[in-house]
Each structure stands twice: as structure tokens, then as C-alpha cells.
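> Provided below for reference: sequence and predicted model.
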Amino acid sequence: MTTKIDGKKIAQEIRSRVAEEVAVVTDGGVPGLATVLVGNDPASAVYVANKRRAIREAGMRDFHKSLPRHSTQDEVAAVIDELAADPDVSGILLQLPLPQGLDASALINRIPVGKDVDGLTTLSAGLLARGEYGLRPCTPSGVIELLDAEGVAIKGAHAVVVGRSELVGRPMAQLLLQRDATVVVAHRHTTDLAAVTRAADILVVAAGVPGLIGPEHVKPGATIIDVGIHKTDSGLTGDVRASELHDIAARITPVPGGVGPMTIAMLMVNTLRAYAWARRSA
């Protein structure tokens with residue numbers, strides 16, 4: 001029987017733990033997250049609202065900046081710089097994607113490494129690559145938490161990551177390597193994808209292609225983590241054809257209810273870590 005990994009339950013346990021830690025902060029401060037939303041993209045607005053609600057529920061401070069869609073690069077940069085200089089702001093999150101014409105990479109890199117709760121700056125990527133202390137991207141960190149919560153052995157496992165984005169695929173591979181997995185990264189130019197993925201004990205799929213992975217790609221007994229989420233006429237679906245993998249995969253994350261809730265939970269963890277990092281550095 002294939003077990004569905006309950007991301008909602010695991011995420012709620014993490015969120016409760018963060019709230020408990022925030023409640024016993026003894027230095028007189030309160031962790032705070034600043035979200036920056038540029039434009040009026042409906043999906044981005046929903047994502048930001050969910051993040052802000054989670055932060056408030058954990059007892060942290062909610063700093064939010066909403067900018068019009070036609071904001072210039074300099075105007076967005078000025079907001080980020082203001083938040084970077086504010087000692088009450090523990091972490092800064094610039095919601096992506098940005099409106100056309102804005103240089104997301106340049107804006108992200110204005111966020112101080114100690115406030116980079118998305119783990120996307122060049123400095124954060126360097127710390128991850130070197131295995132040094134830093135804030136890690138939320139979704140890959142959430143995947144590691146899911147694997148640990150399910151008791152999946154990472155050390156010595158053969159792991160395949162499908163997708164090489166800076167947001168998920170690449171940091172995911174590095175986090176798995178740091179836990180002593182043998183890691184292969186597959187992408188759009190990989191020849192014979194099924195031959196690569198069938199070797200995986202742990203298969204993390206973050207390709208952004210609906211229904212890419214099916215039975216022909218999966219080794220019996222593998223753990224499948226589906227990072228993809230897509231709106232279709234029949235509802236939300238992932239990068240994995242999950243209904244075809246019953247009794248093949250040992251464990252699989254559902255869509256929705258798998259990786260998604262973990263991303264917000266790890267954002268809360270990162271905000272608390274950023275607060276503690278700032279206090280140690282003061």
C-alpha cells in the first residue's frame with residue numbers, strides 16, 4: 001500500500017513549535033517578517049496573505065509593503081533598503097514573480113543575507129554550497145523535514161531531483177548531498193528520463209510539467225515528493241500522476257496538501273532563525 005505523506009499535519013506541528021518558541025523569547029524583542037508585493041497578481045496576493053496570516057498566528061510581527069504594478073526598479077529597491085535597515089524586521093520576502101521590466105535578481109540581492117528568509121540571494125546560495133550556516137530556501141527545507149518526519153533514510157539513499165531551478169531543484173540537490181545521499185539532477189535535456197528516475201529511492205519532482213512522472217519512472221518502494229502544483233479544469237494537480245502509482249511507490253506527497261503547507265511552515269522557521277542570527281551578531 002502506498003502511504004500519503006500528510007504535509008498539512010507535519011507543517012502544523014512545525015508551526016506550533018515555532019509559536020511556542022516565539023512565546024518564550026526572553027530578550028524583549030519579537031521576530032518580524034516583511035513581505036513585499038509588487039503589483040496585483042491574484043495568485044501572488046493570495047500567497048502573501050497566507051504567509052502574513054501564518055506569521056501573525058505564530059505571534060510574530062507582520063510588516064507588509066504593497067507597491068503598484070508600475071513601480072520602478074529604484075522604487076522597489078528603496079523599499080527593500082528601508083526594510084533592510086529596520087532592526088525590527090527580522091526577515092524580508094520579495095514575492096515572485098515580479099511585474100515585467102523589474103530585475104528580480106538584482107532586487108533579491110539587496111536583501112541582507114541575515115534577512116534572506118527565502119534563501120535566494122547569491123550570498124545565501126554560496127553559504128548553502130559551502131555547507132555553512134545560513135537561511136535555506138523554504139520548499140527544499142520543507143522536503144527534508146517531510147522525509148525526516150516519515151522516517152525516510154536519506155544517508156546512503158539514491159536520490160533523483162527532477163528540475164534544476166534556483167528556487168527548488170538546485171538547493172534541493174545540495175541539501176540531499178549534505179545529508180549524504182547520492183544525488184542525480186535531471187532536467188529538460190536529460191536523455192531517457194525514466195532510466196534515471198527508476199534508480200531513485202527518493203524522487204523529488206520539481207519540473208513544473210503537469211503529469212510528467214508516471215509508473216514507468218518509478219522504482220517500486222520509492223518515496224515520491226511532488227513539488228509541482230498546477231490548476232486544471234478538474235482541479236489542482238502536480239508533476240506526478242499520483243493515481244497511477246498506488247502500490248508502486250511506498251510513500252507519496254499529495255497535491256494539494258503535501259509540500260505546499262511545508263513551504264509556509266519553513267518560512268516561519270527561517271524568520272525565527274533570522275531573528276536569532278541577528279541577536280547573535282549584535
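The structure has been received and is ready for your questions.
> tell me the phi and psi of residue 186?
phi -100, psi 150 (degrees, to the nearest 10).
> That one against residue 161, yeah?
Yes - with contact defined as C-beta atoms under 8 Å, residue 186 reaches residue 161; the gap is 7.1 Å. Backbone N, C-alpha and C define where each C-beta goes, glycine included.
> so how many other residues sit close to residue 100?
By the criterion of other C-beta atoms under 10 Å, residue 100 has 7 neighbours.
> What of the one 10 residues further on?
Close neighbours of residue 110, defined as other C-beta under 10 Å, add up to 17.
> Assumed it was part of a helix.
No - counting by DSSP: H, G, I helix; E, B strand; the rest coil, residue 110 is located in no helix; its state is coil.
> In terms of pLDDT, where does the nearest residue to it once chain neighbours are set aside sit?
Using C-beta to C-beta, 6 or more residues apart in numbering and skipping the chain neighbours, the partner closest in space to residue 110 is residue 80 (4.7 Å). Looking at residue 80, its pLDDT reads 98.
> neighbour-wise, which of residue 186 and residue 161 wins?
residue 161 (32 against 23).
> Hmm, residue 176 and the more buried one touching each other?
Yes - contact criterion C-beta under 8 Å: residue 161 and residue 176 qualify, at 7.2 Å.
> shared neighbours of the two, anything?
183, 204 (C-beta atoms under 8 Å, 6 or more residues apart in numbering).
> Reduced to three states, what does the residue nearest the centre of the chain come out as?
For the chain, residue 139 is the residue whose C-alpha lies nearest the centre (C-alpha atoms, centre = their mean; 1.8 Å). At residue 139 the chain is in helix, as set by three-state DSSP.
> isn't it right up against residue 166?
No - using C-beta under 8 Å, residue 139 is not in contact with residue 166; the gap is 11.5 Å.
> According to the record, where do the domains of the chain fall?
Following automatic domain parsing, one finds the domains of the chain at 29-113, 138-260.
> Could you dump those domains into a markdown table with distance to residue 127 added?
What follows is these, written out as a markdown table (distance: least, C-beta to C-beta, whole Å):
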| stretch | distance to residue 127 |
| --- | --- |
| domain 29-113 | 7 |
| domain 138-260 | 11 |
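> quick one on the thing from earlier: could you count how many residues lie near the residue nearest to residue 110?
Residue 80 - counted by other C-beta under 10 Å - has 21 other residues nearby.
> try residue 148
Neighbour tally, residue 148, other C-beta under 10 Å: 12.
> okay, and for this structure, where does confidence drop off?
282 (pLDDT under 70).
> so how far is residue 243 from residue 198?
19 Å (C-beta to C-beta, to the nearest Å).
> I should have written residue 50 there, sorry.
27 Å.
> higher neighbour count, the two?
Under the criterion of other C-beta under 10 Å, the comparison of residue 50 against residue 243 puts residue 50 first, with 15 against 8.
> Can you give me every residue that contacts residue 186?
Residue 186 neighbours (C-beta under 8 Å, 6+ apart): 160-163, 193, 196-197.
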